[in-house]
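Q: Return a 3D structure for these sequence lines:
(2 chains)
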Amino acid sequence: MAELIKKDVIDFYTYPPVGSDDWRYAFETAVIRAIETQMLGKATFLDMSNAENFEAAVDSLGASEYASLQGKSFSELEEILHIRRSDVREQFFDLMIDKEIAELFKSRNDFANLRLVLRRSLTGKALGNDYSKEGNVTVEKLVKVFEAEAEADSDTSELPDYMREASDEAVLAYYQKKDIRQIDYAIDKSQAEYNLRRAKQLRSVFLSGLFRIQIDLTNIRTMLRLKYTESEKRNAFLDGGYIGFERLREGLDSDYETMGQLFFVTPHHRIVDTGANYLVSDKSFLRLEQQCEEYLMGFLKTAIQITAGPQPIVAYLLMKENEIRTVRLILTAKKNGLDTKLILDRLGA
Amino acid sequence: MLANVNATRMELLRLRRRVGLASRGHHLLSEKRDELSRQLILISRDIGSLRKRVETELMETCRRFMLARATMEPEDTKAALETPTKKLSLAIDFAKIMNVKVPRLTKEMAGEIICYGFATTSGELDVALLALERAFDNLIELAEKEKQARLVAIELQMTRRRVNVLEHVVIPELHETIKFIFDKLAEAERDNTSRLMKIADIIRA
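A: Numbers count the residues shown, from 1 in each chain, chains lettered A, B, ... in the order given. Sure, this is the predicted structure:
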């Protein structure tokens, strides 16, 4: 089996290198140092998870920046968390000296908007205007371009190159099989390629490592999801990660029990092993997702240690987004009376 | 007793024929009622457990969906579920149970229920959608059986009411009217006899 697997080179033990200091960021890193102390700790999440009910879980946030959630209805609460996420992103864009990096992270919203607008445009639905406003391209411009396209008067040249390329790829992929999922696969691939390309252009070791880790984690999740759903879509993996396609395809053909061994030479062995075992026993991806998140957070924690540089700012953004997601997860679970064990499994407690 | 009845032999014969017909109808309707009860029991025997199973499956689907929705970014959730690829068509034909027209549902599903890419979505969403897909079979079976049970129960209720009306109102009333006419005719007969006897006495005197 080992000889079948192409040797994908992983020249680090647990996490890839995070790059060196950049003293232009001395002040910005200090700001991050100050505000990162306000982040919620594991103990708070455990208190929330073990709270008796939804109200008690919200009360556990009383001493944190989420205190405004107290006494709010669930929909208001979701809105507040959404605003909080926008604020964090805004703060990130303000702190980031290299605007190219800020634009790179804003492009996540552009790709999300592109996914939605293409789905609507190609299936003849009304385009609407309920898109994320946090991207590089304004909602009005996006809708205008695709409305013109619907009238065969296409002019995607108004869009940035990465969106135009992704859009062309997605449209082509859709019309080849008339399969709506091909839009997502094409955009996911374009996004991954764009991220890696930009990280290379910016000569950022940290961003390269981060995006490759994200690709690996997505590929591992995809592998287990394809296997669980017995899907034949073996081309859904993203290129550019540390793990080679051969290993992932080999994983698809092997049993859940032996899957962990297949990844033994990679730092993702524990993720695959734990995730696959939980999937078999509980028919759920909660543990896999928790492990993926834990690995990514581990990498970000090493990056946030950098004395000065863009790394702590990016790490803070991603960790804060993760924190907001976790708060939403626990409160959703509490509101809907889900089992505490499920929450704890998802948190890895 | 029937109102405005003519106490004649013709009427008596007609009423006796009606009693015979009503008794036969009562007998047939009683048999229909028994058979409808049997059919209803057969249909509803599985409904309880089926409903419980469907509710559990739907609860599980909702639970998974909640978790998926909570762990995904709102814009990703919206994009993922914007255009479903699974198509469900439901054909209805009708069968008859004791002349009650009951629906039979046949579903046809095409396409895959997972209609999104993997990079920005949660695995729990896959689990939720697959659970929903599995729940469809039972859900449709439950809908079919509950509708059948409802229609059969309505028919049973109507039949029972008819049987009761025949048994407790129509047939006793007819019997009472027959008795009334019979008594009237007997009275008239006795009148005639006594009149004839009186006339004979007068003639003899």
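Q: alpha carbons only for contacts and neighbour counts from here, please
A: Fine.
Q: which other helices and strands contact the helix or strand bottoming out on mean pLDDT in chain A?
A: Across the helices and strands of chain A, mean pLDDT, DSSP states H and E gives its lowest value to helix A:139-150, namely a mean of 81. Helices and strands touching helix A:139-150, by 3 or more C-alpha pairs under 8 Å, 6 or more residues apart in numbering or on different chains; DSSP states H and E, are helix A:99-122.
Q: about what we covered before: hey, what's the angle from the least confident helix or strand of chain A to helix A:99-122? Just curious.
A: Helix A:139-150 and helix A:99-122 are oriented at 40 degrees to each other (axes from the mean of the first three to the mean of the last three C-alpha atoms, to 10 degrees).
Q: Any buried residues in helix A:139-150, and which?
A: By neighbour count on 16 or more other C-alpha atoms under 10 Å in any protein chain shown, the buried set for helix A:139-150 is A:139, A:142, A:143, A:144, A:145, A:146, A:147.
Q: Redo the residues you listed as CSV? Include distance to residue B:131.
A: CSV is the format used below for the buried residues of helix A:139-150 (distance: C-alpha to C-alpha, whole Å):
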residue, distance to residue B:131
A:139, 35
A:142, 36
A:143, 35
A:144, 39
A:145, 38
A:146, 35
A:147, 37
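Q: so after the least confident helix or strand of chain A, what's the next helix or strand?
A: Using DSSP states H and E, the helix or strand that follows helix A:139-150 towards the C-terminus is helix A:161-177.
Q: thinking in terms of the whole chain, how far from its middle is that following helix?
A: 21 Å (C-alpha atoms, centre = their mean, to the nearest Å).
Q: do stretch A:98-105 as well
A: 17 Å.
Q: Could you tell me which residues within that stretch count as buried?
A: Neighbour-count burial for stretch A:98-105 [16+ other C-alpha under 10 Å]: A:101, A:102, A:104, A:105.
Q: Give me the pLDDT for the last one.
A: The reference is to residue A:105. pLDDT recorded at residue A:105 is 94.
Q: quick one: it and chain B, what's the gap?
A: 15 Å (C-alpha to the nearest C-alpha, to the nearest Å).
Q: count of residues packed around the closest residue to residue A:57 other than its chain neighbours?
A: Closest residue to residue A:57 apart from its sequence neighbours, by C-alpha to C-alpha, 6 or more residues apart in numbering or on different chains: residue A:48 at 4.4 Å. A count of neighbours around residue A:48, defined by other C-alpha atoms under 10 Å in any protein chain shown, yields 25.
Q: Surely residue A:48 is in contact with residue A:330?
A: Yes. The pair residue A:48 and residue A:330 passes the contact test of C-alpha atoms under 8 Å, sitting 7.0 Å apart.
Q: Looking at the buried residues of stretch A:98-105, which is nearest chain B?
A: Chain B has its nearest neighbour among the buried residues of stretch A:98-105 in residue A:105, at 14.7 Å by C-alpha to the nearest C-alpha.
Q: pLDDT score assigned to residue 135?
A: Since you didn't name a chain, this refers to chain A. The model reports residue A:135 with a pLDDT of 89.
Q: should've been chain B
A: Residue B:135 is given a pLDDT of 89.
Q: How is it assigned, secondary-structure-wise?
A: The three-state label for residue B:135, taken from DSSP: H, G, I helix; E, B strand; the rest coil, comes out as helix.
Q: mind listing what it touches?
A: With contact set as C-alpha atoms under 8 Å, 6 or more residues apart in numbering or on different chains, residue B:135 has these partners: B:54, B:57, B:58.
Q: Roughly how far does it sit from residue B:55?
A: Noted for residue B:135: a distance of 9 Å to residue B:55, by C-alpha to C-alpha, to the nearest Å.
Q: Over to residue A:270?
A: Where residue B:55 is concerned, residue A:270 sits at a distance of 36 Å (C-alpha to C-alpha).
Q: Of the two, which one has the most company?
A: Set residue A:270 next to residue B:55 and count neighbours by other C-alpha under 10 Å: residue A:270 wins out with 18 against 15.
Q: For that one, which three-state class applies?
A: Per three-state DSSP, residue A:270 ends up helix.
Q: May I ask which helix or strand encompasses the residue nearest to it when sequence neighbours are not counted?
A: Closest residue to residue A:270 apart from its sequence neighbours, by C-alpha to C-alpha, 6+ apart: residue A:260 at 7.1 Å. Using DSSP H and E, residue A:260 sits within helix A:256-262.
Q: and that helix, what's its mean pLDDT?
A: On average, helix A:256-262 scores 87.
Q: Show me what that helix is packed against.
A: By 3+ C-alpha pairs under 8 Å, 6+ apart, helix A:256-262 packs against helix A:245-253, helix A:269-282.
Q: Please repeat the previous calculation with a cut-off of 7 Å.
A: helix A:269-282 (3 or more C-alpha pairs under 7 Å, 6 or more residues apart in numbering or on different chains; DSSP states H and E).
Q: Can you list the neighbours in contact with the helix it packs on?
A: A:256, A:259, A:260, A:263, A:284, A:285, A:287, A:288, A:291, A:292 (C-alpha atoms under 7 Å, 6 or more residues apart in numbering or on different chains).
Q: swap the cut-off to 10 Å and go again
A: A:217, A:220-221, A:223-225, A:228, A:251, A:255-264, A:283-295, A:345 (C-alpha atoms under 10 Å, 6 or more residues apart in numbering or on different chains).
Q: Same question for stretch B:192-205.
A: B:186, B:187, B:188, B:189, B:190, B:191.
Q: And the residue nearest the centre of chain B?
A: residue B:152 (2.3 Å; C-alpha atoms, centre = their mean).
Q: wait, is that residue part of a helix?
A: Yes. Under three-state DSSP, residue B:152 falls within a helix.
Q: thinking it is in contact with residue B:95, fair?
A: No. Residue B:152 is not in contact with residue B:95 according to C-alpha atoms under 10 Å; the separation is 12.0 Å.
Q: Mutual contacts of these two, please.
A: Joint contacts of residue B:152 and residue B:95 (C-alpha under 10 Å, 6+ apart) are B:101, B:102.
Q: Report the contact partners of the residue nearest to residue A:270.
A: A:251, A:254, A:266, A:268-277.
Q: Filter these down to the buried ones, ChimeraX style.
A: Here is the ChimeraX command that picks out the buried ones among those, judged by 16+ other C-alpha under 10 Å:
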select /A:251,266,268,269,270,271,272,273,275,276,277
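Q: Mind checking if stretch B:60-77 is in reach of chain A?
A: Yes. Counting by C-alpha under 10 Å from any C-alpha of the partner chain, chain A has neighbours in stretch B:60-77: B:62-64, B:66-77.
Q: Return the members of those residues classed as buried.
A: B:62-64, B:66-73, B:75-77.
Q: just curious, which of the residues you listed is nearest to chain A?
A: residue B:70 (4.6 Å).
Q: returning to that earlier point: overlap in contacts, residue B:135 and residue B:55.
A: The contact lists of residue B:135 and residue B:55 share residue B:61, where a contact means C-alpha under 10 Å, 6+ apart.
Q: Mind giving me the packing neighbours of the host helix or strand of residue B:65?
A: Counting by DSSP H and E, the element that carries residue B:65 is helix B:47-71. Here helix B:47-71 touches helix A:286-304, helix A:310-335, helix A:340-347, helix B:74-80, helix B:123-165, going by 3 or more C-alpha pairs under 10 Å, 6 or more residues apart in numbering or on different chains; DSSP states H and E.
Q: Out of these, flag the one nearest residue B:35.
A: Minimum separation from residue B:35 across the helices and strands packed on helix B:47-71 (C-alpha to C-alpha) falls at helix B:123-165, 9.2 Å.
Q: That closest one vs helix B:47-71, what angle?
A: Going by the same axes, to 10 degrees, helix B:123-165 makes 150 degrees with helix B:47-71.
Q: just to revisit the earlier point, give me the distance between the helix holding residue A:260 and the centre of its chain.
A: With C-alpha atoms, centre = their mean, you get 25 Å for helix A:256-262.
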